[in-house]
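1. structure for this input, please:
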Amino acid sequence: MSNERVDRLEERLAWLQRHVTEQDKAMLELADELARLRRELAALRARNPGADAGDPLASDERPPHY
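-> Numbers count the residues shown, from 1 in each chain. This is a model prediction of the structure:
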């Protein structure tokens, strides 16, 4: 193999390694955000358990226009 070809391959390898590292970081950030959103959803469901049954007025509160 010529030195020029080896140099090109090394450059491509370095680029791919950096790209994989950036993708890993992005994936970890998304996993953290997903975990946070799941916790928030669980907290919201705990506050209003009737909402999962499809009843938007599960609580006894009247809408403000009454």
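
2. going forward, measure contacts and count neighbours with C-alpha atoms only.
-> OK.

3. the spatially most central residue of the chain sits in which helix or strand?
-> Taking CA atoms, centre = their mean, the centroid of the chain lies closest to residue 30, which sits 3.2 Å from it. If you go by DSSP states H and E, residue 30 is part of helix 3-47.

4. could you look up the SS state of residue 63?
-> coil (DSSP: H, G, I helix; E, B strand; the rest coil).

5. may I have the phi/psi pair for it?
-> Main-chain torsions, residue 63, degrees, to the nearest 10: phi -60, psi 160.

6. so, low pLDDT: which residues of the protein?
-> 51-59, 66 (pLDDT under 70).

7. related to what we said a few turns ago, for the residue nearest to the centre of the chain, give its distance to residue 15.
-> Look at residue 30 and residue 15: by CA to CA, to the nearest Å, they are 22 Å apart.

8. ditto for residue 8
-> 11 Å.

9. how long is stretch 44-60 end to end?
-> Span of stretch 44-60 from end to end, CA to CA: 17 Å.

10. so what's the residue count around residue 62?
-> 8 (other CA atoms under 10 Å).

11. no, scratch that, I was asking about residue 49
-> 14.

12. just residue 34 next, same as before
-> 12.

13. what sits against it?
-> Contact analysis of residue 34 by CA atoms under 8 Å, 6 or more residues apart in numbering lists nothing.

14. separation between it and residue 21?
-> Distance from residue 34 to residue 21, by CA to CA: 20 Å.

15. same thing with residue 10?
-> Counting by CA to CA, the gap from residue 10 to residue 21 is 16 Å.

16. residue 48 now?
-> Residue 48 is 41 Å from residue 21, by CA to CA.

17. stretch 11-24: which residues count as buried?
-> Within stretch 11-24, no residue counts as buried by 16 or more other CA atoms under 10 Å.
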